[in-house]
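S.K.: Could you look at this predicted model? Sequence included:
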Amino acid sequence: MNPGNATVVWLNAPGQLELRTESLRPPGDREVLCETLVTAISPGTELAAFKGLPPLRPGVVYPRLQGYCNVARVLACGTAVTSLQPGDRVLSFSSHRSAFVAAEDEILFKLPDEARADHIACTYLFHLGYNAVLRAGVRAGSRVLVIGLGALGLTTVAMAALAGARVFALSDQAQPAALARQMGAEAVFGRAELPALKQALGPDLADVVVSTTNGWSDWEAALQAAGRMGVIAVLGFPGRGEAPPGFNPLDSQHFYMKQLRIEAVGMSPERPDSRGFCRFNERANLDYLAGLIAAGRLDPTPIISGTYAGTDIGRAYADLIARRSSPITYLLTWNNS
């Protein structure tokens, strides 16, 4: 078959989005041709690149593709594809685009007939919170503080609550605070209420603090709220885009005297290994979480603030940056679902 063309979102430089028309080749033997139904914006990653914040790693930063939360419908399969067939809906890491060709083993999840594509598109946003919970050793009864209530903060609240933790949050935004309580937070405090938060946590303070923001002031709050032998799980990027802090970010009265463990938790093993050492890998985690969403046990509705046409991604970014009506994230629609 002639697969035709795809509309693909590229970010050529900070603030410079381009919708390119690119030709698609026919799928190879072990590949599938897909048309995108819906993608979810990952606000932290995508807006940082759009605004030109310092890159996380060396190398060429622009031009770059945007997005990685894609649900699509399979249009055609290569002759050696065995796990999929035309008409199947699938989750993948494909970027914001109207269509694509992908290897069969790049498909992350095949949606059940009853699953909502718009909900499954949010799966990876929950995966980051789930990975923080796993890596930080959150148990039933743990006291968990989530700092920041953007998309990742709210999904972390949901995953920590699902794990049986007592969840607290720190945010100055009223609407996200209400969503956090809806998603399982016991209480939400403003940044000026740190003493009250510490009192609510109790004398032993937080077993786990999950930091989802970049601000040094929030990092200082994390140090203060973490208890002895506690963990600060880092999903944000402390100091990104900010001047050096006016305090010691490894102050011994917190880091040493409390014997804190500070760990970056934004990555996990991509695939299982043959002997089972990578049991909680990205593939297995996404399969589990997408299954929860499809079964109605995990609800992405609170973090979905609206829907735009895929070609309106520039307006979606502008509204997220302007925080119009306190959005969490937006979905982009590409073809009829």
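M.R.: It's in.

S.K.: Assign residue 21 to helix, strand or coil.
M.R.: strand (DSSP: H, G, I helix; E, B strand; the rest coil).

S.K.: any idea how far residue 161 is from it?
M.R.: 44 Å (Cβ to Cβ, to the nearest Å). Where C-beta positions appear, they are placed from N, C-alpha and C, glycine not excepted.

S.K.: what pLDDT does residue 276 get?
M.R.: At residue 276, the pLDDT value in this model is 88.

S.K.: quick one: it and residue 312, what's the gap?
M.R.: Residue 276 is 45 Å from residue 312, by Cβ to Cβ.

S.K.: So which of the two has more stuff around it?
M.R.: residue 312 (15 against 7; other Cβ atoms under 10 Å).

S.K.: Contact partners for that one?
M.R.: Contacts for residue 312 (Cβ atoms under 8 Å, 6 or more residues apart in numbering) come out as residue 332.

S.K.: can you give me the helices for the stretch 1-150 of the chain?
M.R.: Secondary structure of the stretch 1-150 of the chain (DSSP state H, counting those that start in this stretch): helices at 43-51, 117-120, 123-135.

S.K.: Let me fix that, I meant to ask about the stretch 151-300 of the chain.
M.R.: Using DSSP H, counting those that start in this stretch, helices in the stretch 151-300 of the chain cover 151-162, 174-182, 194-201, 216-225, 282-294.

S.K.: outside of the last one, which residues touch it?
M.R.: Contacts with helix 282-294, where a contact means Cβ under 8 Å, 6+ apart, come from 91, 108-109, 111-112, 114-116, 119-120, 122-124, 126-127, 130-131, 134, 268-272, 298-300.

S.K.: And these, which of them are buried?
M.R.: 91, 108-109, 111, 115-116, 119-120, 122-124, 126-127, 130-131, 134, 268, 298, 300 (16 or more other Cβ atoms under 10 Å).

S.K.: would you list every one of the strands in the stretch 201-337 of the chain?
M.R.: Taking DSSP state E, counting those that start in this stretch as the criterion, the stretch 201-337 of the chain carries its strands at 206-211, 226-234, 261-264, 304-309, 329-333.

S.K.: The stretch 1-150 of the chain too?
M.R.: Going by DSSP E, counting those that start in this stretch, the stretch 1-150 of the chain shows strands at 5-13, 16-23, 31-40, 64-65, 70-77, 89-92, 99-103, 109-110, 143-147.

S.K.: Adding mean pLDDT and distance to residue 175 as columns, could you present those in a markdown table?
M.R.: Shown next, in a markdown table, are the strands of the stretch 1-150 of the chain (pLDDT from 0 to 100; distance: least, Cβ to Cβ, whole Å):
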| stretch | mean pLDDT | distance to residue 175 |
| --- | --- | --- |
| strand 5-13 | 97 | 28 |
| strand 16-23 | 98 | 27 |
| strand 31-40 | 98 | 19 |
| strand 64-65 | 96 | 31 |
| strand 70-77 | 98 | 26 |
| strand 89-92 | 98 | 28 |
| strand 99-103 | 98 | 34 |
| strand 109-110 | 96 | 30 |
| strand 143-147 | 98 | 16 |
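
S.K.: got the ones you listed as TSV, with distance to residue 212 columns?
M.R.: Below are the strands of the stretch 1-150 of the chain laid out as TSV (distance: least, Cβ to Cβ, whole Å):
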stretch	distance to residue 212
strand 5-13	23
strand 16-23	25
strand 31-40	17
strand 64-65	22
strand 70-77	23
strand 89-92	23
strand 99-103	30
strand 109-110	24
strand 143-147	6
